[in-house]
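*Asks:* sharing a model prediction with you, sequence too.
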Amino acid sequence: MEENKHGADDSNCRLKCACGVVPFLIGAAVALAFGWWVFPDLIFSKQSQPFYFSHNIHMEKVGTVCSDCHSFRADGSFTGVPALGTCAGCHGEIQTDEPSAASTPAEKAAYEAEKFFVEEYVAKGREVPWLRHQYQPDNVFFSHAAHFSKCYSCHLTMKGSLSLGTPDNPDKLCMTCHPSLAELDKNIPVAVNVLTDYSASTMKMWECERCHALPGHFYNDGKGRTAANNACYTCHK
Amino acid sequence: MVLDRRGFMKFVAGAGLGVMATPIPWKLLDDAAIWTQNWSWIPRNVKGETSYTYAVSKMCPSCVPMKVRMVGGRPVRVLPVDGHPLGGGVSSIAVAEVQMMFSPGRVKRPLYRAADGAFRELSWAEAVTLLQQKLQAAGSSTAFISGDENGSTNDVLSAFARALGAGDIFLMPSEAQCAARAAELMGIPAQLGYDLENSDYVLAIGANLLESWGPVIRNRRIFRDGRPVAGKKELPARLNIAYAGAVQNNTAAVARPWLPVYPGTEGILALGIANMLIAKGCSFDSPDFSEFKLLAAKYNPEVTAKETGVDLKKLEAVVKALMAAKAPLVIVGSEFSQGSGAAPVMAGFALNALLGNINKSGGVCLLPRAEAGIDGASARDEIFKNDLTAWIADRKTPQALVLHEANPAYALPGPQAVAAFLKAVPFKVSFSTYMDETAALCDLVLPIGMGLERIDDVNTPYGCGKTVYCISAVAADPRADVHNTANVILHVAKEMGKDLGFEYYEDLLKTKAVRYEKCDFAVLAAGQAAVSEARVEFSGFTARADVLAKALSPKTRGNKLGLAPYAKLNLGTAKTGIPPYNTKTLRGTELDGKDMYVMMNAKTARKKGLSDGDMVVLDSGKQQIRARLRVFEGVMMDTVAVCLGYGHTALDEFSQNKGANVMELMVAVPEPQTGLNVWSGTGVTVSKA
């Protein structure tokens, strides 16, 4: 009896202790759930592009390549998002066939989007206010030309994971920083930080330093230049 | 289970620990740091499509062509234009033009002086009506001063002056005026040009080729191309420059050799060199060559060395190099691009004639004179015959005075006397981009666009080796309520019943553009220059030894030091003041707080009992200025060097009350026989303050 009594006390004690931990665990679980699932939606607003645009249609059906729209100008600067004039070169008039009853929802959406673009922007000569997923902050100077020529000059001839594409297919170099949009058939909402106004895709400094801070990049090519200078003034003018 | 206080505390503790394992604290910390970069008062970049447009600087005296980078239709940066006859780089004034659009010193809308003496705003319609009434009342007693010697606005002003029956139209003093007067006296119906591009040896006497003489950026490009380098190794030079002047300026710094001479003795040095060349058998075809030879003979090497302070051995080496060069060229000018008179240029031309390089490759070119584009208007060389300083000294006060981009109350010798003259004019109107010293004295101030904001032209700046005509297109939307001077004058003239033949300035420029082969207005407006190699035949030249004998006679300096003003592009012009963009280029040895530095060498300083850092007073006998002394061995003996561009009392906070205006010390005196006033030989006493 004595033994049983002691055994019941131990069991009650363990239960009490276990119950005592539960609020702590619940608190931790709630915080984790809030922090990982709810907080990101609170800190980033989701903004929509002015109208539907499909990279996939342009690349798969029309046969354009990235550089047809995202190219370097003669002076070496990068066009980024093409201006209206570039798009109007093809979209002076509606190119898509008018959808029929048999058309898929995707085909109808593509037609409506192009019609809206031609009527609202091309015809009126208005630039499209595209929202940018990746825009470097004002305090960062970034040159696509420098990265394209300098990174490419070495990584083109490298093998394996260090290879960043081939002369015929330089996309891998672009994909080092940008997500591949070639297969994308829909607009991705632009996530904008409500505190900073930066998009969620804005590269952080540590991401730049994945290359810039690599010791292997600090060799001297004999002309007083380094491959990826990590000095402050390289990016912050 | 009941949540008691202990349980709640455990919940909070668990939540606290859990939060630390989420992005919340770290993300918020990071975002808070980034948030501080985006406060509303921190300027933001304006994003947009990059494009380029072309213009020619109307602010920089070197008329540098500019490739303007636009982002979203907004100018952001000025870049050089390669392959342009005036280009090859950008000047420190041109590069600041984008920023100067936003200068706090800009006149933003028309202003008139009210009865209480303060400026009041008025509309353009009211301003034009007021202008018309005043000019109508003044009639032939209207005078015009232009500060833009290369633009066709002068055609409009001149034609309007002629229509009013007024003969008084002036350009601000410059090297071009001295050269035009020299050419006229020598019987040469041409604009003097200098084929630096094809010369292999240039002797610049006073002419600060790489900072203030002629189209400086073009000169720098020619020097750069003529002195090629591979890495740090110099390749064989195609061009050598020798420089004679009182101050080791940017030209002297790269010259081989630099010949230090007393300021204001450039003409005498030229005659001394002429004597040495004649002794070596050089001559030229002129009815008065024998008189010239006799005059030059007075300046034998010893006399030349005594009067100019030049080192004879170095001078003989320079003369030897001139004789040995395939395409030698002598350029005589002023170290501060004004006030040296016509005689030194004439002596320089005679030197070139002795070297046989007139109208030859690499020599002096006789370019067709710039013609006016309006019937009845005076050509540029005709306007140059009127000497502004002499006219002001005569104090024939007009009833009305129209100023276009001119700041005589700052830039002429004796600014205080000029200001007194201006105050005596009953009605004066300034067409100006900035509220400069002259505009601040005017009764009506009308804002005009700066170079990037208006259409204008540039016609063969002095110093070019060929005829060059450029259109400067509108590159940017104006940042103020501006109108073009010429358009306002054309409108007022029409309202007064004096039709000048054009309704808009652009129409005038279009008629000028078609004068050039293979060029039209659109091509020129897109950034190209019309170039003509046409030359005026070299005949009828007279050296005018009689003029030279009187104008270049040695002067006694007494116990005064020679005043050697020098110009630096980064300090802007009288029209612009110091560009805010360039204030960081002012060294601590040039400006310390509000005190500017003047320079003299150690020996001269010891003679005067002065030492480095002393506050000194420079006294011309009429005016004084205060400055701090810097001992610098790059200054000629018995000479004090003073930089132009300081001492503004108007414009903006970046220019005001910094140093003193050296023009206060300048004393303009008539140059015998030439009809011009000179002020390059001013002497001053220097004493400790």
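*Replies:* Okay, I see it.
*Asks:* so where do the helices sit in the stretch 501-650 of chain B?
*Replies:* B:505-513, B:521-525, B:545-551, B:602-607 (DSSP state H, counting those that start in this stretch).
*Asks:* go on, the stretch 251-400 of chain B?
*Replies:* Along the stretch 251-400 of chain B, counting by DSSP H, counting those that start in this stretch, helices occupy B:266-279, B:289-297, B:301-308, B:312-324, B:343-354, B:380-384, B:388-394.
*Asks:* could you export these as TSV, including mean neighbour count, distance to B:Leu157 and mean pLDDT?
*Replies:* All C-beta spots, glycine's among them, are computed from the backbone N, C-alpha and C. Shown next, in TSV, are the helices of the stretch 251-400 of chain B (neighbours: other CB atoms under 10 Å in any protein chain shown; distance: least, CB to CB, whole Å; pLDDT from 0 to 100):
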stretch	mean neighbour count	distance to B:Leu157	mean pLDDT
helix B:266-279	26	32	97
helix B:289-297	18	38	97
helix B:301-308	18	40	95
helix B:312-324	16	42	97
helix B:343-354	28	26	97
helix B:380-384	21	9	94
helix B:388-394	19	14	93
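*Asks:* domain map for the chain?
*Replies:* You didn't pick a chain, so chain A it is. Following automatic domain parsing, one finds the domains of chain A at A:2-47, A:50-134.
*Asks:* could you do chain B instead?
*Replies:* Taken from automatic domain parsing, chain B resolves into B:5-35, B:111-174+B:371-532, B:191-367, B:557-688.
*Asks:* of all those domains, which one is nearest chain A?
*Replies:* Nearest of the domains of chain B to chain A, taken as CB to the nearest CB: domain B:5-35 at 2.2 Å.
*Asks:* state the number of residues packed around the one residue in chain A that gets nearest to chain B.
*Replies:* Using CB to the nearest CB, the single residue of chain A nearest to chain B is A:Gly35, 2.2 Å away. Using other CB atoms under 10 Å in any protein chain shown, A:Gly35 is surrounded by 20 other residues.
*Asks:* ok, A:Ser77 next?
*Replies:* Here the number of neighbours of A:Ser77 (other CB under 10 Å) works out to 15.
*Asks:* pLDDT score for it?
*Replies:* pLDDT, the model's per-residue confidence, is 77 for A:Ser77.
*Asks:* and the closest residue to it other than its chain neighbours, what is it in contact with?
*Replies:* Of all residues not flanking A:Ser77 in the chain, B:Thr50 sits nearest, at 5.3 Å (CB to CB, 6 or more residues apart in numbering or on different chains). Shown in contact with B:Thr50 (CB atoms under 8 Å, 6 or more residues apart in numbering or on different chains): A:Arg73, A:Ser77, B:Arg69, B:Met70, B:Val71.
*Asks:* what does B:Thr50 show for phi and psi?
*Replies:* Backbone torsions of B:Thr50, given as degrees, to the nearest 10, read phi -90, psi 130.
*Asks:* pLDDT score for it?
*Replies:* pLDDT at B:Thr50 comes out at 80.
*Asks:* next, count neighbours for the residue lying closest to B:Ile625 once chain neighbours are set aside.
*Replies:* What sits nearest to B:Ile625 in space, not counting adjacent residues and going by CB to CB, 6+ apart, is B:Ala660, at 3.7 Å. The tally of other residues near B:Ala660 (other CB under 10 Å) stands at 21.
*Asks:* confirm B:Ala660 sits in a strand?
*Replies:* No - assessed with DSSP: H, G, I helix; E, B strand; the rest coil, B:Ala660 is coil; it does not lie in a strand.
*Asks:* so which elements touch the helix or strand that contains B:Ala417?
*Replies:* Here B:Ala417 is covered by helix B:415-424, with elements defined by DSSP states H and E. Under the contact criterion of 3 or more CB pairs under 8 Å, 6 or more residues apart in numbering or on different chains; DSSP states H and E, helix B:415-424 touches helix B:388-394, helix B:408-411.
*Asks:* tell me which of the ones you listed sits nearest to B:His648.
*Replies:* helix B:408-411 (6.7 Å; CB to CB).
*Asks:* the helices and strands packed on helix B:415-424: which one's closest to B:Ser553?
*Replies:* Closest among those, using CB to CB: helix B:388-394, at 20.0 Å.
*Asks:* what sits up against the closest one?
*Replies:* By CB under 8 Å, 6+ apart, helix B:388-394 touches B:143, B:145, B:168, B:170-173, B:408, B:412-413, B:417-418, B:421, B:668, B:670, B:675-677, B:679.
*Asks:* please pick the buried ones from these.
*Replies:* By neighbour count, with 16 or more other CB atoms under 10 Å in any protein chain shown, the contacts of helix B:388-394 hold B:143, B:145, B:168, B:170-173, B:408, B:412-413, B:417-418, B:421, B:668, B:670, B:675-677, B:679 as buried.
*Asks:* what sits against A:Phe24?
*Replies:* Per CB under 8 Å, 6+ apart, neighbours of A:Phe24: B:Lys10, B:Phe11, B:Ala13, B:Gly14, B:Leu17.
*Asks:* give me that answer again for 7 Å
*Replies:* Residues near A:Phe24 by CB atoms under 7 Å, 6 or more residues apart in numbering or on different chains: B:Lys10, B:Phe11, B:Ala13, B:Gly14.
*Asks:* check what pLDDT it gets.
*Replies:* pLDDT, read off for A:Phe24, is 93.
*Asks:* which helix or strand contains it?
*Replies:* Under the criterion of DSSP H and E, A:Phe24 resides in helix A:2-33.
*Asks:* what's the answer for B:Leu401, then?
*Replies:* Assigned by DSSP H and E, B:Leu401 falls in strand B:400-404.
*Asks:* cool, and B:Val488?
*Replies:* Per DSSP H and E, B:Val488 falls inside helix B:485-495.
*Asks:* same check, this time on A:Phe51
*Replies:* Counting by DSSP H and E, A:Phe51 is found in no helix or strand.
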